[in-house]
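J.: the following comprises the amino acid sequence and a computationally predicted model.
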2 protein chains.
Amino acid sequence: MEIQQIIKQNRLGLLFQQGSFGLEKESQRVYANGSVVTTAHPQAFGNRTYHPYIQTDFAESQLELITPPNKKLEDSLRWLSAIHEVVLRTLPEEEYLFPMSMPARLPPEDLIKVAQLENPEDVAYREHLVQSYGKNKQMVSGIHYNFQLDEELVKALFNARHEIKSAVEFQNNLYLKIAKNFLRYQWVLLYLLSASPMVDDDYFRDGVPEDLSPIVRSLRSSQYGYVNDPEVKVSFDSLNDYVESLEHWVNTGKLIAEKEFYSNVRLKGANKARDFLQTGVRYLEFRLFDLNPFEPYGISLNDAKFIHYFILLMAWLEETADQEDVELGKERLFEVALEDPFSVTAYAEEGELLLIALLEMLKEIEAEQTAVQIVQEKLTLFAQPHKTLCANMVNEIIKAGGYQQLGAKLAQQYKAQAFERFYALSAFDNMELSTQALLFDLIQKGIKTEILDENDQFLCLQHGEHIEYVKNGNMTSHDSYISPLIMENKVVTKKVLAKAGFNVPQSLEFTSVEQAVASYPLFENRAVVIKPKSTNYGLGITIFQQGVQDRDDFAKAIEIAFREDKEVMVEDYLKGTEYRFFVLGEETLAVLLRVPANVVGDGERTIAELVAHKNNHPLRGDGSRTPLKRIVLGEIEQLQLKEQGMDILSTPAKGQIVQLRANSNISTGGDSIDMTDEMHPSYKQLAVGIAKAMGAAVCGVDLIIPDLTKPAEPTLQSWGVIEANFNPMMMMHIFPYQGKSRRLTQNVIKMLFPEVL
Amino acid sequence: MEIQQIIKQNRLGLLFQQGSFGLEKESQRVYANGSVVTTAHPQAFGNRTYHPYIQTDFAESQLELITPPNKKLEDSLRWLSAIHEVVLRTLPEEEYLFPMSMPARLPPEDLIKVAQLENPEDVAYREHLVQSYGKNKQMVSGIHYNFQLDEELVKALFNARHEIKSAVEFQNNLYLKIAKNFLRYQWVLLYLLSASPMVDDDYFRDGVPEDLSPIVRSLRSSQYGYVNDPEVKVSFDSLNDYVESLEHWVNTGKLIAEKEFYSNVRLKGANKARDFLQTGVRYLEFRLFDLNPFEPYGISLNDAKFIHYFILLMAWLEETADQEDVELGKERLFEVALEDPFSVTAYAEEGELLLIALLEMLKEIEAEQTAVQIVQEKLTLFAQPHKTLCANMVNEIIKAGGYQQLGAKLAQQYKAQAFERFYALSAFDNMELSTQALLFDLIQKGIKTEILDENDQFLCLQHGEHIEYVKNGNMTSHDSYISPLIMENKVVTKKVLAKAGFNVPQSLEFTSVEQAVASYPLFENRAVVIKPKSTNYGLGITIFQQGVQDRDDFAKAIEIAFREDKEVMVEDYLKGTEYRFFVLGEETLAVLLRVPANVVGDGERTIAELVAHKNNHPLRGDGSRTPLKRIVLGEIEQLQLKEQGMDILSTPAKGQIVQLRANSNISTGGDSIDMTDEMHPSYKQLAVGIAKAMGAAVCGVDLIIPDLTKPAEPTLQSWGVIEANFNPMMMMHIFPYQGKSRRLTQNVIKMLFPEVL
């Protein structure tokens, strides 16, 4: 197969480097000391029957975290990060994820429970494994790396070759070549990436094997790991041989099912091996990799890239390993696995030659410079075994005072890290916080999610055949097109609400001072608020709470408002406090009071110091990626202080509330206070009705209410609606400054997928 | 009642001038010669059982056009104009609207059919009227003017008066006062506005009355018009007296129903007079007014305003007419009605005094100057009877050669005017054409429509309890919120369509020349189009139809594209013609081909001349308010000509098509050609599926199709979808340059109100 020529002649080097990547990572749930838990799989992770991200592997304690396939490895790592954050924040307080492949302290065998899956066959299969291998070996964890070549590449390679008639056959041969060469040279990856040098003695129920060194390169990949009976040999010579030998072992009962064949490469894309003959191998699964304990999610991006190029090399190589080579490769793997990690490997020369071939390939396919650097770095490790991951790990184990101790320390560290910005999903921090919160819940509950456009906050959700699209956290198919258009237009909103019988403050709009002042008689003696049409942080607003009594006062207020805008509104003034009602469907899920930026004096600190202190709150930040915003002592704030006879160096008395803004926006440092439980239910019912009148499934309703404890009455004195908002903010309810958190994103999911939650 | 004092003291002058106005205008349908038709009410006007705008009055031939109530008289006149345009454009070709109150040539009595309404009681009532009054009198037409005072005003007046306990009673007394004073002084309005000086002899079946002058002021308001038996006297002394006397005449059989009481003022707001005692009079109907034949819609805005101020004066006057005064007023009305229109009226002095009082009132309530001018002008007419409308009309009748002749001439003129801009609804010409077309259909079919926001094209439609909102002609509740969001995002659109299995050209986006050129290998040998992400009239686009073969060519095309935009797309090139499919629900309603601006040579005229000629097409205009746009011979067009070796003074050969633009937008002078019937149905079905995948009820799908006659196949060679558009343009389908018109606005109504159409 002159694949190198074809790639060079057809300039397919770039396409050769495209592909699709998926990662699966197993981890034991452990207690703070690193010992494996005996608790059930947390219910908070939803249903394992369909969960695409969070599964259990062999044991009930053994999580399997699965990324969706991605075109970029970077994205697979981001998903792995996100799934980890979800898991670590959802685990019971006393539980952690063990960061190493070999379990540290196992419970007695009878307390190790196989995963309690819904399908009885799945449970029976696990029970069979227990019989064949014992429980302990099943408790070992690793990373599986799924890779698919770009379909365009396979097509282009096939088109360039005329001797093979069937595209499927061509594709199968290509993947088979990769698989065989991988099995031949897999020991190289083990040498460079292995990280299971030892294990606690209790792993070996029948006593530590006598000939086992205290430290090795990879216990997991050795004969002491989780491997098939050596008798089970499956041929990779051709796909037909593969299918027939695999079926042979199943038929003779040596394997209970095809999936019990634990090759470090698995052919993927069909349920039964025989199907590959028809439909073709679609991708490969590589199962060799130990967890890297120094990476919070078990693998680094550079190592993942290295593996990718290594796999490509397996296709690039001119020769294809035959069955003998494969068996030789397996033997070397076992051999290298049990070497002393500080020693030079027996096959260093072969390893170096292979990486030199890899560097040549990178040059031919014009790979990016970072790829070359990654490989060059790995190349140096053959001469410097003490710099391998495994050797490092041994050193750290010694420093930490033991295997379990290192694992426990890192497990705690990674869990703490996951809580640092508990309101965010770090890997997707360029998206809005509300979309991050939604993603969190989707991952947690197992709704398959595709990010269609990251900048545009556009998600595609899927459960079975049911697809839903979501933008900006709560813009969905459940709202009708006309609803946001109504809410966008304040005049139309008022007309619609008034028509539906809700209390709406009446208003008139003016485009000139003269025209407005001429209308004074219409407002005389009425309580009105005069404001620029586009209100901007409270500027230009005059309120006549007791009714406007004097034409000159009125004219002056009109003039002030016109300084801020070309259009001015005179609106009925509603006395009371403004509350934001978050309505979803038939229910008001949250009520929030927004209080203008303020500090409370302690009789000692200055306003500047009090602000600095308040700004330390974990929810406050400068940018857009925190639920609350820091208070800025700018012009407007200083003016506000001046009006109260203070400045930023004043020291307010103990308990004195100093208001720093006239407007209550969260974006200018305001406080959010959850009032859901305090609000009289009649107002919550009104808000639901208002959302209905807007035709909205999700709606933020702003009501003015003088007394939230008294039931609503049908007059503007009792309450009035001043705004209805589409795509209402969710973060201020999810992470309020004070009061109970309302996890609205879960309600959005429940609305979209009532069959799931 | 010291109403003047209250208004002055409480500065209610402005509020006094607010109110609500509604107009009803009757018209006979006639043939070109002015003779009344004997045809049935046109079915195109929908169902009279609920039609809010187009009804029949007494006879099947007698249309009654009804405006909705409006806060501004200007708006009532606009509605009247709009309803007229709808009626005139919908009438059978040979039918017109007679512009005068008295019918010109009546069919024999047996051919005059009473209105064939669904409700048998309504028909029976009309048959009774025939028995009592004969058919001819019922054929007289006029204008009814409905007026309601502002409710805030009535409240304010009531609050200022302490001796009356009941608000309803106060309101009833106020409206009763207006009614009585109006009946007392109505002759003044007759003198100033009457327009029924004569009628054809055949109106009088039993011969022309001997004592009748050949010309009078108002036959319609005289004893020869449609009036009750003089014996029927209803008391306006108090509401109680009114109710009891009215019930008396019904009980004694002199009136078949309360509605047979044809007073020039009717109390309105309840079904039965007795209900007024409980619920109150809500507004008044004034029925005095003859059609003004010189106004296309029967009444001028200034006269409508004059009537408004006249009515206000009836409330403003200190005295309230008693029953005797009312009877006196009726006598004077009859008397003045039969005066010679060229003579000074017997009561000129009273008329002048009344208008002087009106001018005083206008001053006191600070009315606008135009109101004063209108009244002053009317005031002069008492001394100049030959300048009254009625006198003018007599002069014009003589000029035209007869009563019928004048009516026929004006009827033809008004119908022709209504067709001048047949694609628009003149009164609402500040709205988009598509909304104008929708309004047209709504008025025609009788869906109650409220314009919520004129600038924002926001309508509220109602039929019975069923309410729908529409923005921009086709944005409705039938589309989901997420659909337009998907379509707004080209990347997401492509992903969604590809996921659903439609042929989508694949594309990659780049933000730098280097990055794009580095990806050259991915595109080598592929037919691609390279374009700025925001395409702008075809600038910066390079197409490699045969596949890009050369890296340098590719790099150059990339550079050209980057001159126009910061982002550049490389997209699969689809060979074929672009068609716009307009999909609504389960159906492709229209298919359009858009052809770039062009002219066809005739071997004689220059390109400039050909363009000038083409621009004369009635559908072409400069602004946004024509379905097609004029071709502008600007820079881009001249460049396009230059590339073809021509300029604007070139004379193309006969039949030679000269393309003036690369892009096919209608907005740059392109032609729209309806291809609905030519398109193979398989593509129409595809477009429906694409709209469905977008979740859209209304969608404009752009497909590239090489051969519209061949059935669609599942490859990009057969067809590809390049865009899906929400709120797709409708006017280009409704008024195409060539081909059949597709009245899409009717389908929108059908979608929203399947119960109606």
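T.: All right, it came through fine.
J.: measure A:Leu219 to A:Phe382 for me?
T.: For A:Leu219, the distance to A:Phe382 (CB to CB, to the nearest Å) stands at 21 Å. Where you see a C-beta, it was placed from the backbone N, CA and C, and this is true even at glycine.
J.: again, but for A:Val188
T.: Taking CB to CB as the measure, A:Val188 and A:Phe382 are separated by 9 Å.
J.: strands along the stretch 401-550 of chain A, start to end?
T.: Remark: strands assigned in the stretch 401-550 of chain A by DSSP state E, counting those that start in this stretch are A:448-453, A:458-463, A:466-471, A:507-510, A:528-532, A:542-544.
J.: pick the most deeply packed of those strands.
T.: The highest average neighbour count among the strands of the stretch 401-550 of chain A, using mean count of other CB atoms under 10 Å in any protein chain shown, belongs to strand A:528-532 at a mean of 23.
J.: would that strand count as contacting chain B?
T.: No: using CB under 8 Å from any CB of the partner chain, strand A:528-532 stays clear of chain B, with a minimum separation of 13.7 Å.
J.: output that strand as PDB, nothing but the C-alphas.
T.: Written as PDB, here are the backbone C-alpha positions of strand A:528-532 (Å, rounded to 0.1, in the frame of the first residue of the first chain):
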ATOM      1  CA  VAL A 528     -46.900  60.400  37.300                       C
ATOM      2  CA  VAL A 529     -43.400  59.600  36.500                       C
ATOM      3  CA  ILE A 530     -41.700  61.500  33.700                       C
ATOM      4  CA  LYS A 531     -38.900  59.700  32.000                       C
ATOM      5  CA  PRO A 532     -36.800  59.400  28.800                       C
END
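J.: that one - contacts with which helices or strands?
T.: strand A:542-544, helix A:551-562, strand A:568-572 (3 or more CB pairs under 8 Å, 6 or more residues apart in numbering or on different chains; DSSP states H and E).
J.: low pLDDT regions in the stretch 651-757 of chain A?
T.: Residues of the stretch 651-757 of chain A meeting the criterion pLDDT under 70: A:757.
J.: for whatever residue of it ends up closest to chain B, list the residues it contacts.
T.: Closest contact between the stretch 651-757 of chain A and chain B, by CB to the nearest CB, is at A:Gly695 (5.8 Å). Counting by CB atoms under 8 Å, 6 or more residues apart in numbering or on different chains, A:Gly695 makes contact with A:Asp479, A:Ser480, A:Ile482, A:Ser483, A:Ile486, B:Tyr469, B:Ser477.
J.: do A:Ala357 as well
T.: Counting by CB under 8 Å, 6+ apart, A:Ala357 has contacts A:Leu313, A:Leu317.
J.: please, which helix or strand holds it?
T.: A:Ala357 is part of helix A:348-364, with elements assigned from DSSP states H and E.
J.: in that helix, which residues are buried?
T.: A:Ala348, A:Glu350, A:Gly351, A:Glu352, A:Leu354, A:Leu355, A:Leu358, A:Leu359, A:Met361, A:Leu362 (16 or more other CB atoms under 10 Å in any protein chain shown).
J.: quick revisit: mind putting the strands of the stretch 401-550 of chain A into JSON lines with distance to A:Leu97 and mean pLDDT?
T.: Shown next, in JSON lines, are the strands of the stretch 401-550 of chain A (distance: least, CB to CB, whole Å; pLDDT from 0 to 100):
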{"stretch": "strand A:448-453", "distance to A:Leu97": "22", "mean pLDDT": "96"}
{"stretch": "strand A:458-463", "distance to A:Leu97": "26", "mean pLDDT": "97"}
{"stretch": "strand A:466-471", "distance to A:Leu97": "29", "mean pLDDT": "96"}
{"stretch": "strand A:507-510", "distance to A:Leu97": "57", "mean pLDDT": "88"}
{"stretch": "strand A:528-532", "distance to A:Leu97": "54", "mean pLDDT": "90"}
{"stretch": "strand A:542-544", "distance to A:Leu97": "56", "mean pLDDT": "87"}
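J.: circling back: burial count for the closest residue to the residue of the stretch 651-757 of chain A closest to chain B other than its chain neighbours?
T.: The shortest distance from A:Gly695 to any non-neighbouring residue, by CB to CB, 6 or more residues apart in numbering or on different chains, is to A:Ser483 (4.3 Å). Neighbour count of A:Ser483, defined by other CB atoms under 10 Å in any protein chain shown: 24.
J.: for chain A, what's the longest helix?
T.: helix A:167-193 (DSSP state H).
J.: deepest of the helices and strands packed on strand A:528-532, which one?
T.: For those, the largest average neighbour count (mean count of other CB under 10 Å) is found in strand A:568-572, namely a mean of 22.
J.: what residues sit buried inside the helix or strand that comes right after that strand?
T.: Using DSSP H and E, the helix or strand that follows strand A:568-572 in sequence is strand A:577-584. Within strand A:577-584, the residues scored as buried using 16+ other CB under 10 Å are A:Glu578, A:Tyr579, A:Arg580, A:Phe581, A:Phe582, A:Val583, A:Leu584.
J.: who does strand A:577-584 pair up with?
T.: strand A:587-595 (antiparallel), strand A:698-705 (antiparallel) (DSSP bridges).
J.: want to throw the buried residues of strand A:577-584 into JSON lines with distance to A:Ile164 and pLDDT?
T.: Converted to JSON lines, those look like this (distance: CB to CB, whole Å; pLDDT from 0 to 100):
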{"residue": "A:Glu578", "distance to A:Ile164": "73", "pLDDT": "94"}
{"residue": "A:Tyr579", "distance to A:Ile164": "71", "pLDDT": "97"}
{"residue": "A:Arg580", "distance to A:Ile164": "66", "pLDDT": "97"}
{"residue": "A:Phe581", "distance to A:Ile164": "66", "pLDDT": "98"}
{"residue": "A:Phe582", "distance to A:Ile164": "61", "pLDDT": "98"}
{"residue": "A:Val583", "distance to A:Ile164": "62", "pLDDT": "98"}
{"residue": "A:Leu584", "distance to A:Ile164": "57", "pLDDT": "98"}
